[in-house]
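Show me the folded form of this:
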Amino acid sequence: METPLRNDISQRLQAIKSLQTQPAVIAKISQMLQNPATNADELGYAIRTDQVLASTVLKLVNSAFYGFPGKIGSISHAIVLLGFSTVKNIVLTASVHEMFKMNTDADTGSFNAPSFWEHSLACGVAAQCLAQVVGYDNKEECFVAGLLHDIGKVVLFQVAPDEFTRVIDCTNKTRTLFYDSECKLLGINHQEVGGMLIEQWRLPPQILNAVSYHHTPASITEGDSRLASIVHCADIFARALGYGNGGDSKIPMINDNVWDSLKLDSVDLLRLFDCMETEWQKAGAYFQLV
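Predicted structure coming up:
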């Protein structure tokens, strides 16, 4: 349904050039990683073209978490030690974080930007772990979808700050979900706004669905809903385990259809949560660097 605010946000989004395409380095590295012939030297060269990314990769590989002996000063050596998968996640996370870095001094009520990013990272980690136990083959895709699931909130923060602050205030006063406050006050929500951005970035349809329907995966009528269902659960698990804060302190119920479709009755949740904690330690090591 078209509303004045929806049209206004769409126009503002299209006017901000920094949001119109995914970061060039992400597109380049994603393309390289799809080619099995890509080697560490080639990938290292691409990363070195971005000083922030190169610095972050080296900081992480030399961090106490990994404990590699000796100082590692080569991006190519770092890639060999960390692996392509870890490096790809670092690159994506660093680029998205840099692109959407918030001014935490802005008047946003009690919205905590670092805690928001912590939640986003945790959701990516949880989605990746959940993919393993439910048999979803593309774990990298799950991390991306989980990381980006709340990106619509960041867009709202940037293009509609007054409306964003109203939602935060309402959420805090009524102790409801950020999503419910959006729907009540704005007639549009961060799922939809995030979907606008993912469409502009031309990411795969399943990631578009996951971002656009992570609160309401059962309402997907076209395309595969499995990734959206995984992100729906990952978001709730990250909330329940206290990883960051996405703008409210509520823990929604997992949708019954989602629970059944992913066969979560047969999942060892304690083992899943252990996996999340292990992977979160790796993500947390990165999080401390940005």
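
Which strand or helix spans residue 280?
Using DSSP states H and E, residue 280 falls within helix 269-287.

give me every residue that touches residue 145.
124, 127, 206, 207, 210, 211, 227, 228, 230, 231 (Cβ atoms under 8 Å, 6 or more residues apart in numbering). Any C-beta I mention is one placed from the backbone N, CA and C, and that applies to glycine too.

For the residues you listed, pick the one with the most neighbours.
Using other Cβ atoms under 10 Å as the neighbour criterion, residue 210 leads the contacts of residue 145 with 35 neighbours.

where does this structure dip in pLDDT?
Scanning the chain with the threshold set as pLDDT under 70 gives 1-4, 14-27, 95, 98-111, 284-290.

now the helix ranked longest in it: how far from the chain's centre is it?
When the chain is parsed with DSSP state H, its longest helix is helix 113-134. Remark: helix 113-134 is offset 7 Å from the chain centroid, using Cα atoms, centre = their mean, to the nearest Å.

could you give the angle of the following helix or strand past it to helix 113-134?
Scanning forward in sequence from helix 113-134 by DSSP H and E, the next helix or strand is helix 139-148. Using axes from the mean of the first three to the mean of the last three Cα atoms, to 10 degrees, the direction of helix 139-148 lies 150 degrees away from that of helix 113-134.

residues of helix 139-148 that come out buried?
140, 141, 142, 143, 144, 145, 146, 147, 148 (16 or more other Cβ atoms under 10 Å).

Residue 233 versus the third one, what's the distance?
Distance of residue 142 to residue 233, given as Cβ to Cβ, to the nearest Å: 11 Å.

Touching both of the two, which residues are there?
residue 130.

circling back: TSV for the contacts of residue 145, including distance to residue 255 and secondary structure?
Formatted as TSV, the contacts of residue 145 follow (distance: Cβ to Cβ, whole Å; DSSP: H, G, I helix; E, B strand; the rest coil):
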residue	distance to residue 255	secondary structure
124	20	helix
127	16	helix
206	18	helix
207	19	helix
210	14	helix
211	17	helix
227	14	helix
228	10	helix
230	12	helix
231	12	helix
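
Now render those as TSV, adding distance to residue 115.
Converted to TSV, the contacts of residue 145 look like this (distance: Cβ to Cβ, whole Å):
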residue	distance to residue 115
124	15
127	19
206	28
207	24
210	22
211	20
227	25
228	24
230	23
231	19
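
List the contacts of the nearest residue to residue 211 once chain neighbours are set aside.
Of all residues not flanking residue 211 in the chain, residue 194 sits nearest, at 4.4 Å (Cβ to Cβ, 6 or more residues apart in numbering). Neighbouring residues of residue 194 by Cβ under 8 Å, 6+ apart: 148, 149, 150, 151, 152, 153, 155, 211, 212.

Looks like the third one contacts residue 245 (just checking).
Think residue 150. No. Taking Cβ atoms under 8 Å as the definition, residue 150 is not a contact partner of residue 245, at 10.6 Å.

quick one, which of the two is more surrounded?
Neighbour count, other Cβ under 10 Å: between residue 150 and residue 245, residue 150 has more, with 24 against 18.

Hmm, residue 216 is touching residue 191, no?
Yes. Using Cβ under 8 Å, residue 216 is in contact with residue 191, at 7.3 Å.

Tell me which of the two has more neighbours.
Ranked by neighbour count (other Cβ under 10 Å), residue 216 and residue 191 place residue 191 first, with 22 against 15.
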